[in-house]
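Trainee: Sequence first, predicted coordinates after that:
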Amino acid sequence: MDVRSLVVTWPENAPRGAVARFVEEHGVSRAWFYDVRARARSQGAVAAMQPRPRTPAAAARHPQAIPSEVEELAVRIRKELADDGWDHGPLSVRHELQKLGVAAPAASTLARIFTRHGMVVAQPQKRPRSSYRRFEFARVHECWQLDAFEWALADGSTCVIFQLLDDHSRYLIASHVAPGERSADAITVVSTGIERFQVPCLLLSDNGTAFNRDRLGRQTQLVALLTSLGCRPITGRPRHPQTQGKDERVHQTLQRWLRARPPAATRTDLQHLVEEFDDRYNHHRPHQSLNMRTPAQVLTHDPLAIAPEAPDPVIPARPVKAETRRVARNGKISVKDIAIQLGYEHAGTQVTVITSNSSLNIFGADGLHIRSLVLIPGKTYYSNGRPRGRRRPPPKCPD
């Protein structure tokens with residue numbers, strides 16, 4: 001009835017191409033559109049609002065007509081999916097019909113059924129699906145997407161839900177409910193995902209304080225962790241959430257699902273709800289972009305990216321530095337909490353210590369080289385390799 005009313009009240013001065021867009025958005029034919037318009041002019045708006053009566057003979061001429069019981073079942077399934085907070089488009093309803101063993105009509109046929117029952121709200125302001133350019137990484141775990149959004153608890157206080165998503169399979173790697181959008185919580189959800197699966201090759205996020213601040217010349221704790229593991233952190237363009245579109249879309253699905261349930265009293269209760277959603281989303285809900293496979297099926301059977309290797313630790317270069325030290329009576333010197341034994345023969349003398357990165361060289365006052373060391377992290381004492389105790393002078397020769 002809503003579609004008929006739009007046709008009956010169609011403006012005479014509609015712009016060129018408006019009819020083509022209208023019939024495409026509402027799943028009706030041009031012939032039906034102009035037939036309703038003609039009936040409105042000849043018989044009046046009230047008559048045009050009613051469908052033409054179908055006689056038994058006319059019905060018999062359409063052997064492929066959808067049985068009324070299948071139509072009623074499709075309408076009921078759509079309403080149940082909507083009430084439960086899940087997507088309830090023609091493809092989702094068709095999948096549920098197939099699970100019941102029913103010969104499901106085509107998605108386009110279901111769209112016309114829902115429109116005829118007034119279950120579709122016209123949204124002419126939306127861009128057509130064909131205008132979107134979709135991108136997907138070729139392998140599982142090649143790129144993860146991380147984002148978060150605020151959510152209210154039953155008492156009105158707010159928390160933040162982190163969602164970590166695999167770009168290729170749409171699998172929810174991990175979810176975490178936190179008091180706020182903090183670096184520590186971002187690290188928690190990423191570490192959970194890595195423990196469950198592997199280190200991703202890339203991690204895509206926005207430019208939030210808890211995620212990635214490279215554009216401002218700052219390094220967050222999350223970026224430092226990912227870099228140390230061999231993962232390359234990347235970000236989308238500022239104020240362009242479409243880059244993280246897959247994560248934004250799963251936010252929308254989770255929010256609709258949570259609104260269909262009583263508000264959680266605590267963060268722990270909300271975490272349980274989110275984990276329940278993750279299980280249903282990953283293992284039981286087919287995805288249109290995955291050819292109606294579940295994310296778990298794609299994660300299991302599609303090609304897997306090779307986990308990156310952690311880079312070798314880089315020892316920061318230190319400038320060459322020369323210092324003068326006096327050797328103690330026991331033959332030792334101290335350099336930055338490191339004790340170095342030179343020998344009793346050098347006690348009380350002045351030596352020059354030259355440090356460069358992890359190497360150390362010691363020279364006497366006359367410029368003669370005494371010893372060289374390669375400093376080992378954590379080691380605090382370097383002996384001269386001689387037995388402990390004062391070295392005795394050689395015995396005198398007899399006359």
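Mentor: Sure thing, it's come through. Residues are numbered from 1 along each chain as shown.

Trainee: Please make it C-alpha for all contacts and neighbour counts, starting now.
Mentor: Fine.

Trainee: Tell me, how many residues neighbour Leu202?
Mentor: A count of nearby residues for Leu202, using other Cα atoms under 10 Å, gives 19.

Trainee: How much space separates it from Val190?
Mentor: Noted for Leu202: a distance of 12 Å to Val190, by Cα to Cα, to the nearest Å.

Trainee: Over to Val320?
Mentor: Look at Val320 and Val190: by Cα to Cα, they are 40 Å apart.

Trainee: Over to Ala347?
Mentor: 56 Å.

Trainee: more neighbours, those two?
Mentor: When neighbours are counted by other Cα under 10 Å, Ala347 and Val190 differ, and Val190 comes out ahead with 26 against 16.

Trainee: so what does the helix or strand where the more buried one lies touch, helix or strand wise?
Mentor: Secondary structure assigned from DSSP states H and E places Val190 in helix 183-196. Here helix 183-196 is seen to pack against strand 158-166, strand 172-178, helix 221-229 when contacts are counted using 3 or more Cα pairs under 8 Å, 6 or more residues apart in numbering; DSSP states H and E.

Trainee: Name the surrounding residues that touch the host helix or strand of Thr115.
Mentor: Under the assignment given by DSSP H and E, the secondary-structure element containing Thr115 is helix 107-116. The contact list for helix 107-116 (Cα atoms under 8 Å, 6 or more residues apart in numbering) reads 1, 3, 26-28, 71, 74-75, 89-91, 94, 120.

Trainee: hang on, Pro238 in a strand?
Mentor: No: according to DSSP: H, G, I helix; E, B strand; the rest coil, Pro238 belongs to no strand; its state is coil.

Trainee: That one reaches Gly208, doesn't it?
Mentor: No: contact status for Pro238 versus Gly208: not in contact, 9.6 Å apart, counting by Cα atoms under 8 Å.

Trainee: Which one's more surrounded, the two?
Mentor: Here Pro238 and Gly208 are set side by side on neighbour count (other Cα under 10 Å), and the busier one is Gly208, at 16 against 11.

Trainee: Got phi/psi on that one?
Mentor: When read as degrees, to the nearest 10, the backbone of Gly208 gives phi -60, psi 160.

Trainee: And it, what's its pLDDT?
Mentor: At Gly208, the pLDDT value in this model is 79.

Trainee: and Gln98, what does it touch?
Mentor: Taking Cα under 8 Å, 6+ apart as the contact definition, Gln98 lies against Ala104.

Trainee: State the distance from it to Val70.
Mentor: Relative to Val70, Gln98 is positioned 11 Å away (criterion: Cα to Cα).

Trainee: residues bridging contact with the two, i.e. touching both?
Mentor: With contacts taken as Cα under 8 Å, 6+ apart, the residues that reach both Gln98 and Val70 are Ala104.

Trainee: got the contact list for the host helix or strand of Thr355?
Mentor: Assigned by DSSP H and E, Thr355 belongs to strand 350-356. Identification of contacts with strand 350-356 by Cα under 8 Å, 6+ apart yields 318-327, 360-365.

Trainee: what residue ranges in the stretch 251-399 of the chain score low on pLDDT?
Mentor: 313-318, 357, 387-399 (pLDDT under 70).

Trainee: which one of the contacts of strand 350-356 is nearest Arg139?
Mentor: Distance to Arg139 across the contacts of strand 350-356 (Cα to Cα) is lowest for Arg318, with 41.8 Å.

Trainee: before we move on, back to that, I'd like to know which of the helices and strands packed on helix 183-196 lies nearest to Gln242.
Mentor: In terms of Cα to Cα, the element of those nearest to Gln242 is strand 158-166, at 14.8 Å.

Trainee: Could you spell out the sheet neighbours of that closest one, each with its direction?
Mentor: Here the strand partners of strand 158-166, with direction, are listed using DSSP bridges: strand 143-152 (antiparallel), strand 172-178 (antiparallel).

Trainee: Same question for stretch 34-41: list its buried residues.
Mentor: Val36, Arg37, Arg39, Ala40 (16 or more other Cα atoms under 10 Å).

Trainee: now those residues as a markdown table including distance to Thr253?
Mentor: Formatted as a markdown table, the entries for these read as follows, by distance: Cα to Cα, whole Å:
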| residue | distance to Thr253 |
| --- | --- |
| Val36 | 37 |
| Arg37 | 38 |
| Arg39 | 42 |
| Ala40 | 41 |
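
Trainee: Quick check: of those residues, which lies closest to Leu270?
Mentor: Val36 (50.4 Å).

Trainee: In this structure, which residue is most central in space?
Mentor: Within the chain, one residue has its C-alpha closest to the average C-alpha position: by Cα atoms, centre = their mean, that is Gln145, at 2.2 Å.

Trainee: Helices of the chain, start to end?
Mentor: For the chain, the helices defined by DSSP state H occupy 2-8, 18-26, 30-43, 45-48, 56-60, 68-83, 90-99, 107-116, 183-196, 221-229, 245-259, 267-283, 295-301.

Trainee: who wins for proximity to Ile370 among those?
Mentor: Of all those, helix 221-229 sits nearest to Ile370, with 39.1 Å by Cα to Cα.

Trainee: Dig out what His287 forms beta bridges with.
Mentor: Those that pair with His287 in a beta bridge, by DSSP bridges, are Arg293.

Trainee: Please consider this matter closed, and thank you.
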